[in-house]
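# let me see the structure of the following:
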Amino acid sequence: MKKNLTGFAVCLCLLSWFTGCGNAQKNTAKAAFLAEPAAMKQSQITAPKTKVYPMLDSIATLTIGGHKLDIRSPKGEVKGNIVVLPGWNFPKEDWCNKSSLCKKALEQGFRLVLPEMSKSVYSAKFYPQTLSGWKKYPDLNWVIKQMLPGLQKDYGILLTSQKNFLLGLSTGGRGVVAIGMAAPALFVAGAALSGDYDPTKMTADRLMIGYLGSYGQFPARWKTGAENLVYHAKKLKMGLYIGHGKQDRIVPFAQSLLLYNALKKVTPDLKVKYHWTKAGHNYKYWNSEVDNMLAFFCEFL
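Numbering: from 1, shown residues only. Okay, the predicted model is just below:
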């Protein structure tokens with residue numbers, strides 16, 4: 001009797017897996033969006049419906065400094081490298097699975113580097129007030145001091161002689177600007193979508209509070225510290241494509257506008273292009289920007 005019950009239980013588990021995978025995927029996406037920096041009440045945030053884009057290329061998964069990353073290479077000549085940054089707590093494969101970016105980039109001859117960033121905001125360092133559970137995730141130091149040198153030394157990828165680009169969404173958009181500032185000689189251009197760059201305009205944002213401590217206790221850290229990318233806009237030397245949806249309920253459109261205005265003020269000759277549209281914080285919007293971002297990168301090849 002016990003054996004029969006066990007078999008029945010296994011059947012139920014398999015059935016629930018097959019029938020529930022779609023719901024599980026939606027719930028995962030929703031949970032990820034609820035964890036994003038929010039300017040609106042959490043109850044107003046809904047997960048978007050996304051199309052899945054299967055990838056047929058081979059993938060090399062590496063581990064550098066305790067963190068994983070994927071390398072996807074085109075079949076022919078490599079024209080350039082793109083470091084592809086995910087949003088907060090999104091898997092490194094998200095850009096490839098939920099947009100046409102990877103398929104189109106590979107077809108155009110770009111090699112892709114996809115690091116697993118998890119719950120990173122690309123902070124310049126961990127502070128005493130940084131939540132202890134978040135210190136295990138990669139930060140800007142890991143990217144600059146471990147990932148980039150490791151790929152250069154051991155794999156010949158992202159060399160200064162190559163055309164290197166950065167691309168990201170949400171916290172990954174923030175990462176594009178932070179990495180570009182920290183490695184000005186390495187990257188020729190970047191594309192940042194739906195990112196946040198001036199934390200003083202979002203002082204209730206629990207992600208930045210979790211890394212920096214509260215604005216009330218550490219105002220200088222928020223205003224003029226390394227984490228305020230708008231304040232340090234002059235450090236950016238690479239070309240930049242900035243995109244944002246004006247209906248974004250997660251990261252205010254004003255964040256990208258602030259960055260664009262700051263860059264045009266302090267470095268008026270820098271090649272900066274913007275695209276504002278009526279869109280939200282989802283892959284429907286991010287996928288709509290794929291052709292624009294790749295076209296911008298091709299201007300630097």
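
# got a pLDDT number for Leu15?
Per-residue pLDDT puts Leu15 at 38.

# just the strands in the stretch 201-301 of the chain please.
Using DSSP state E, counting those that start in this stretch, the strands assigned to the stretch 201-301 of the chain run over residues 239-245, 272-277.

# and what of the stretch 51-200 of the chain?
59-64, 67-72, 80-85, 110-115, 164-169, 189-193.

# rank those by pLDDT, which is bottom?
strand 59-64 - the lowest mean pLDDT of the strands of the stretch 51-200 of the chain, at a mean of 94.

# mind giving me the packing neighbours of that one?
strand 67-72, helix 148-155 (3 or more C-beta pairs under 8 Å, 6 or more residues apart in numbering; DSSP states H and E). (Glycine included, C-beta is placed from N, CA and C.)

# redo that, cut-off 7 Å
strand 67-72 (3 or more C-beta pairs under 7 Å, 6 or more residues apart in numbering; DSSP states H and E).

# touching the strand it packs on from outside, list them.
57, 59-62, 92, 102, 106, 111-116, 138, 142, 147, 157 (C-beta atoms under 7 Å, 6 or more residues apart in numbering).

# what do you get for stretch 170-180?
36, 85-88, 120-122, 140, 143, 166-168, 187, 190-197, 229, 236, 238, 251, 259, 281.

# was I right to think Glu77 contacts Gly109?
Yes. Contact criterion C-beta atoms under 7 Å: Glu77 and Gly109 qualify, at 5.8 Å.

# keeping just the C-alphas, turn stretch 275-292 into CSV.
The C-alpha trace of stretch 275-292 is given here as CSV (Å, rounded to 0.1, in the frame of the first residue of the first chain):
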residue,chain,number,x,y,z
HIS,A,275,15.0,57.9,-26.5
TRP,A,276,12.0,58.5,-24.3
THR,A,277,8.8,56.6,-25.1
LYS,A,278,5.4,55.8,-23.6
ALA,A,279,6.4,52.5,-21.9
GLY,A,280,6.7,50.8,-18.6
HIS,A,281,9.3,48.8,-16.8
ASN,A,282,9.1,45.5,-18.7
TYR,A,283,10.6,43.4,-21.4
LYS,A,284,8.0,44.6,-23.9
TYR,A,285,9.7,48.0,-23.7
TRP,A,286,13.3,46.7,-23.3
ASN,A,287,12.9,44.4,-26.3
SER,A,288,11.7,47.3,-28.4
GLU,A,289,15.0,49.1,-27.8
VAL,A,290,17.2,46.2,-29.0
ASP,A,291,17.6,47.4,-32.6
ASN,A,292,18.3,51.0,-31.4
